[in-house]
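Novice: Dropping a prediction and its sequence here:
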Amino acid sequence: MYNEGLIGGGFMTDIVSSLIDELGADMVLTGEDVSSRQAGFFARSGVQAKALVRPRTTADVSRALKFCYDNDQSVVAHGGLTGLVMSAVTAPDDVAISLELMNEIEEINTVDRTAVVQSGVVLQALQEEAEKRDLMYPLDLGGRGSCTIGGNISTNAGGNRVIRYGMTRDMVLGVEAVLADGTIVSSMNQMIKNNAGYDLKQLFIGSEGSLGIVTRAVLRLREAPRERATLMVAVDEFEKLPNLLKHLDSELGGTLSAFELMWNNYYKLVTTRPAQNTAPMAQDYPFYVLVEAIGCDADRMENILADAWEQGIVVDAVIAQSESQRMQLWGIRDDV
């Protein structure tokens, strides 16, 4: 797991040796086991850090943070490293803590429609487990196959259904977190309606690990949709986009869940070889919008779209007629 006596091409520092003594060699990666790992979306080199800790339990996280706190060692938390703001980038003198091994979905309650998960659970894994029970975890974004629940919480991720379901903050009922000194704070509320006392979870949601590392969470699930309508429309003037959003939101009666805007240069890039997507409509419109309404069928959407056409808000459109076509449209949006 590590090179005896060596780290980063030199002698292993006392702090790393002590960290290994404290946590065990199986929990601490050093040397090439660290530098060979991808550091993020824009990173040109691997992770630069003294060591990378991979805890398996909240107690492990507590021990690691307490040790670093007592030894004035800086720590950076790692989730799925899909964020584009580089907030998880480490310096050579940092210690990284990755919760990738804390990836258990502990419970899905189909009656209360809640899920208890560890922070290292990948978003797509939770989505799929919920779907098996005819439920849905509403948060969705292009990095679903790599991003983790802990990362979603730490950044208060919005995703592509924010219009209907809100930010991650609106889907979290409770959290367990570890403060910098190793103190464990547990507020694992499982009730939707609860106005008792301070709402501690709000301090950690969106704090990007600056107040503590979230290790577990209680999440709110929803009933799986029985129908949905997905389409892509073209708009010829930027000023018409707010009118389109207002028209759809009003006419759909609260079922609008996604309104994803794409500029012409992006649309061309992701629908022209060597890109794998096929353009569903001409590539010369200034703006394209991917629209989805959960709880609306295609026939109703077609009527609403016809009204938008008559008002001159849209100039072209295509409605998905199957799940395969729906995924093709979403593939264009996700191909960033």
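Specialist: It's in. This structure is a prediction, so every number in the text was calculated from the model and none was measured. Numbers count the residues shown, from 1 in each chain.
Novice: When you work out contacts or count neighbours from here on, use the C-alpha atoms and nothing else.
Specialist: Fine.
Novice: Point out where the stretch 1-150 of the chain drops to low pLDDT.
Specialist: Applying pLDDT under 70 to the stretch 1-150 of the chain picks out residues 1-12, 41-44, 84, 86.
Novice: Which stretches in it count as helices?
Specialist: 14-23, 32-35, 58-70, 123-131, 149-155 (DSSP state H, counting those that start in this stretch).
Novice: among those, which is nearest K246?
Specialist: With Cα to Cα as the measure, helix 149-155 is the member of those nearest K246 (27.9 Å).
Novice: what is the mean pLDDT for the helix or strand following that closest one?
Specialist: Following helix 149-155 in sequence order, the next helix or strand is helix 162-165 (DSSP states H and E). The average pLDDT for helix 162-165 rounds to 96.
Novice: Single out the most deeply packed of the helices of the stretch 1-150 of the chain.
Specialist: Ranked by mean neighbour count under mean count of other Cα atoms under 10 Å, these are led by helix 149-155, which reaches a mean of 28.
Novice: What segments of the stretch 151-300 of the chain are strands?
Specialist: For the stretch 151-300 of the chain, the strands defined by DSSP state E, counting those that start in this stretch occupy 172-178, 184-187, 213-220, 222-223, 228-235, 256-263, 287-294.
Novice: For the ones you listed, could you give me JSON lines that also reports mean neighbour count and mean pLDDT?
Specialist: Converted to JSON lines, those look like this (neighbours: other Cα atoms under 10 Å; pLDDT from 0 to 100):
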{"stretch": "strand 172-178", "mean neighbour count": "24", "mean pLDDT": "98"}
{"stretch": "strand 184-187", "mean neighbour count": "18", "mean pLDDT": "96"}
{"stretch": "strand 213-220", "mean neighbour count": "27", "mean pLDDT": "98"}
{"stretch": "strand 222-223", "mean neighbour count": "16", "mean pLDDT": "97"}
{"stretch": "strand 228-235", "mean neighbour count": "23", "mean pLDDT": "96"}
{"stretch": "strand 256-263", "mean neighbour count": "19", "mean pLDDT": "97"}
{"stretch": "strand 287-294", "mean neighbour count": "23", "mean pLDDT": "97"}
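Novice: Present the ones you listed as JSON lines; the columns should include distance to T271.
Specialist: JSON lines is the format used below for those (distance: least, Cα to Cα, whole Å):
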{"stretch": "strand 172-178", "distance to T271": "36"}
{"stretch": "strand 184-187", "distance to T271": "46"}
{"stretch": "strand 213-220", "distance to T271": "36"}
{"stretch": "strand 222-223", "distance to T271": "33"}
{"stretch": "strand 228-235", "distance to T271": "14"}
{"stretch": "strand 256-263", "distance to T271": "12"}
{"stretch": "strand 287-294", "distance to T271": "12"}
